[in-house]
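>>> Mind looking at a prediction? Sequence and model below.
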Amino acid sequence: MQKTTQYSDDTLQQRRETFEEVELDSWRSPETLVTSPKSNSYRENSNSSSESLIASRDKPSAHIYSTSSASVDTQISGKDLDSAQCKHDDEYSEKISVVRKRLMFVGLFFTIFLSGLDQTVTSTILTRIADDFRALDRIEWVPTVFMLCSTSLNVISGRIADIFGRFSVLMFSLIAFVAGAVVSASAQSIVVFIVARGLSGIACGGMLNLSIIIISDIVPIERRGRYLGFLQICFGVSNAAGPLVGGLFADRLDWRAAFFADMAMGIITAVYLAVVLRLPRLASKATWRDGVRKLDYVGIPLIVACISFIIVGLNVGGTIMQWTSPATIGCLISGAVLLGAFVMVELRFARVPLVPMWLFTVRNLVIAFSVTLLCGMTMFAIIFYMPVYFSAVFGANAMHAGLLVLPFGMALSVSSFISGYFMSTTGMYRRFLRLGPAIMASGILAIALLSGKTSEAVYAALLLIPGIGMGNVIVSNVIAVQASTDPQYISTVTPLCEFFLSIGGVIGVAIFGAVHRNKLSTILTAAAAGETQAAQRIIEEARKDVSVVYSAHVSDPLRAKISDAYAESMRHALWTMLPFLCLALVLSLALVKSPKPARPEEIPLEPTEEL
């Protein structure tokens with residue numbers, strides 16, 4: 001039985017005028033509510049059995065978002081927020097005591113810290129690991145497999161959490177984290193170590209996404225920005241600390257000790273959260289058997305295989321293999337074909353779609369995902385290639401180069417917290433999502449205009465600028481997608497932010513690396529002309545190993561030539577990032593106040609409340 005509250009056209013117009021100045025895009029009047037066309041929370045009254053079947057087929061197991069006249073009439077004074085969504089969030093949040101929330105936040109923030117630490121802990125010890133296993137030719141697969149598994153989890157973790165529950169999936173991720181650390185620490189071959197890092201990638205993807213989802217569940221949207229900002233501080237600090245921690249263990253003890261430390265911290269975190277993490281029970285009688293039946297057994301392998309082919313193709317292209325090689329082209333084409341197959345399965349055959357395709361008909365969601373991808377391209381290019389720049393131009397060792405890039409990560413973390421705080425205070429996020437790409441572009445432009453003669457301190461200081469810009473983007477895009485869709489789909493859209501950030505990183509690193517290598521090859525080829533055979537051999541070695549530049553047997557004039565070549569090629573690659581940031585800025589200007597419905601013809605003008 002349904003109770004339907006009807007509004008006249010005059011009343012609806014009055015609601016629109018009341019919220020005309022609302023900045024936060026989460027306001028959705030009845031006719032502009034963004035919700036699934038299959039959701040039974042907003043559907044027309046009908047006795048049709050086919051419509052009932054469609055409604056029950058995609059019935060959400062998480063938040064059921066429905067409005068009544070009371071919720072529509074509710075206004076949050078001084079806050080540019082959707083009143084109905086705020087009321088829903090408050091009711092859910094009030095079921096947890098303040099003390100319990102604080103205890104949960106401690107555990108969730110430490111989970112984020114572990115995830116960020118494990119992502120970068122191997123960056124300074126890969127060479128040591130390769131030496132121990134005598135597998136320098138296969139060591140590139142360690143970060144590639146980790147990124148592949150972590151990115152795959154960004155797509156599927158939200159829907160799995162909807163089916164099996166947040167607590168179960170988070171505990172599974174922590175157990176997988178501990179198992180991955182144990183196997184990594186005890187591995188006796190490079191193959192076993194790579195498999196272990198893949199397991200750790202699965203764990204870190206689940207830990208990161210579930211922590212964000214749970215925080216989004218228990219914190220009302222008008223206060224969510226500051227918590228997500230603090231979360232980003234935890235993640236940024238741990239990401240920056242990872243290389244230092246890995247290097248410290250490798251120098252003082254052994255590289256395996258870093259993973260034993262991960263294991264110990266993972267066990268402590270899992271036990272702590274098992275005790276304090278108590279989430280309100282959802283109004284669902286679904287059993288684990290029901291959950292298993294709901295899994296998208298076709299969509300999951302398709303999207304994992306798609307991501308695998310794309311990431312492998314972009315990683316080996318231009319490095320291990322040529323971009324024109326059959327293997328590289330085959331990987332990219334296979335990824336594109338599998339992506340098309342995945343979309344077809346989700347649209348036509350999936351009982352509970354892994355990623356509801358109607359999400360990509362929502363203007364604000366598409367814009368937020370696109371801005372995240374484009375800015376992620378530049379962010380990861382800075383993280384991966386600026387240390388190479390500092391090593392080649394200034395002769396910095398791995399630890400010193402990491403410290404010079406540290407201002408970028410610290411600025412990102414602090415900026416995300418500050419922007420999140422102001423978003424919570426003002427209820428506005430569009431200006432932050434627009435400000436981010438603009439600041440990043442100005443910072444990249446300033447760095448690209450520098451020469452190799454500029455001091456390293458100036459470079460480190462200028463890296464603060466793109467860090468500040470990226471901090472604005474990371475939090476505002478999460479708030480944007482959460483505010484632009486129904487709360488029951490938060491667990492689906494939130495991990496997609498991290499997914500597009502990761503995919504953007506893979507694409508950005510591939511493009512930046514290709515431009516850098518091509519320009520470097522051109523300059524070094526010209527520099528080798530007229531040099532002795534010994535100098536030509538050194539130049540050829542410098543193409544593959546930047547440490548050769550500051551070897552003792554390299555003369556100062558030759559070192560200057562190679563160093564200048566690296567500086568020029570890096571500046572050239574930085575210029576290629578500017579168009580992507582400008583495109584992100586243009587797209588962010590297209591954000592609208594009220595998101596359009598995914599399927600306007602299937603969303604009624606009258607809000608409904610099920611009894």
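Here it is on my side, so go on.
>>> where's residue 99, which helix or strand?
helix 98-120 (DSSP states H and E).
>>> I'd like the distance from that helix to the chain centre, please.
17 Å (CA atoms, centre = their mean, to the nearest Å).
>>> now for whichever helix or strand comes after it, which elements pack on it?
Downstream of helix 98-120, the next assigned helix or strand under DSSP H and E is helix 126-133. The contact analysis (3 or more CB pairs under 8 Å, 6 or more residues apart in numbering; DSSP states H and E) places helix 126-133 against helix 141-164, helix 190-218, helix 255-276. All C-beta spots, glycine's among them, are computed from the backbone N, C-alpha and C.
>>> So what touches the helix or strand just after the first one?
To tie it back to what came earlier, the one meant is helix 141-164. Using DSSP H and E, the helix or strand that follows helix 141-164 in sequence is helix 166-186. For helix 166-186, the surrounding residues in contact (CB atoms under 8 Å, 6 or more residues apart in numbering) are 111, 114, 118, 157, 160-161, 192-193, 195-200, 202-207, 210-211, 213-214, 217, 256-257, 259-260, 262-263, 266-267, 269-270, 273-274, 277, 279, 491.
>>> coming back round to it: next, the angle from the helix holding residue 99 to helix 141-164.
Between helix 98-120 and helix 141-164, the angle comes out at 150 degrees (axes from the mean of the first three to the mean of the last three CA atoms, to 10 degrees).
>>> for helix 98-120, packing partners?
So helix 98-120, by 3+ CB pairs under 8 Å, 6+ apart, packs with helix 166-186, helix 190-218, helix 221-252, helix 255-276.
>>> try 7 Å
Under the contact definition 3 or more CB pairs under 7 Å, 6 or more residues apart in numbering; DSSP states H and E, helix 98-120 sits against helix 190-218, helix 221-252, helix 255-276.
>>> In contact with residue 509, which residues are there?
380, 381, 384 (CB atoms under 7 Å, 6 or more residues apart in numbering).
>>> Disregarding residues adjacent in the polypeptide, which is nearest to the second one?
For residue 381, ignoring the flanking residues on the chain, the nearest one in space by CB to CB, 6 or more residues apart in numbering is residue 512 at 4.0 Å.
>>> isn't the one you found right up against residue 385?
Yes. Between residue 512 and residue 385 there is a contact under CB atoms under 7 Å: 5.8 Å.
>>> Among those two, which residue is more densely surrounded?
Neighbours around residue 512 and residue 385, counted as other CB atoms under 10 Å, are more numerous at residue 512. The numbers are 22 against 19.
>>> quick one: secondary structure of the more buried one?
helix (DSSP: H, G, I helix; E, B strand; the rest coil).
>>> re the thing from before, in ChimeraX, how would I select just the buried ones from the contacts of helix 166-186?
Selection of the buried residues among those in ChimeraX, burial being defined by 16 or more other CB atoms under 10 Å:
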select :111,114,118,157,160,161,193,195,196,197,198,199,200,202,203,204,205,206,207,210,211,213,214,217,256,259,260,262,263,266,267,269,270,273,277,279,491
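>>> need the helices for the stretch 351-500 of the chain, in chain order.
When assigned using DSSP state H, counting those that start in this stretch, the helices of the stretch 351-500 of the chain occupy the ranges 363-394, 398-426, 430-448, 456-462, 464-483, 490-528.
>>> where does the stretch 401-550 of the chain dip in pLDDT?
427, 544-545, 547 (pLDDT under 70).
>>> out of the helices of the stretch 351-500 of the chain, nearest to residue 302?
Nearest to residue 302 among these is helix 490-528 (14.9 Å), distances taken as CB to CB.
>>> Mind checking which of the contacts of residue 509 are buried?
380, 381, 384.
>>> what's the distance between the second one and residue 218?
The span separating residue 381 from residue 218 equals 35 Å under the rule CB to CB, to the nearest Å.
>>> again with residue 196
Relative to residue 218, and taking CB to CB, residue 196 is found at 33 Å.
>>> Look at residue 22 and report its pLDDT.
At residue 22, the model reports a pLDDT of 37.
>>> I meant residue 609, not that one.
In this model, residue 609 is scored at 33, pLDDT.
>>> Then residue 203?
Listed pLDDT for residue 203 reads 91.
>>> try residue 580
94.
>>> Kindly report the same for the one 5 residues further on.
On pLDDT, residue 585 comes in at 93.
>>> helix or strand for it, which one?
Applying DSSP H and E, one finds residue 585 within helix 556-588.
>>> Surely residue 444 touches residue 575?
No. The criterion here is CB under 7 Å, and residue 444 misses it with residue 575 at 8.4 Å.
>>> okay, those two: which has more neighbours?
Neighbours were counted for residue 444 and for residue 575 using other CB under 10 Å; residue 444 has more, 25 against 13.
>>> Provide a list of residues in contact with the more buried one.
378, 466, 574, 577, 578, 581.
>>> Per the annotation, how does this protein divide into domains?
Here the domain assignment for the chain is 2-91+605-610, 95-295+362-516+579-588, 297-350, based on automatic domain parsing.
>>> lowest-confidence stretch among those?
Minimum mean pLDDT among these: domain 2-91+605-610, a mean of 37.
>>> Which of the helices and strands packed on helix 98-120 sits closest to residue 565?
helix 221-252 (26.1 Å).
>>> how about that closest one: buried residues?
Here helix 221-252 shows 221-250 as buried, counting by 16+ other CB under 10 Å.
>>> Show me what the helix holding residue 585 is packed up against.
Short answer (3+ CB pairs under 7 Å, 6+ apart): helix 556-588 packs on helix 363-394, helix 430-448, helix 490-528, helix 533-544.
>>> Turn those into a markdown table, columns for distance to residue 305.
Formatted as a markdown table, those follow (distance: least, CB to CB, whole Å):
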| stretch | distance to residue 305 |
| --- | --- |
| helix 363-394 | 21 |
| helix 430-448 | 32 |
| helix 490-528 | 15 |
| helix 533-544 | 31 |
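>>> and of the ones you listed, who's closest to residue 353?
Ranking those by proximity to residue 353 (CB to CB) places helix 490-528 first, at 9.0 Å.
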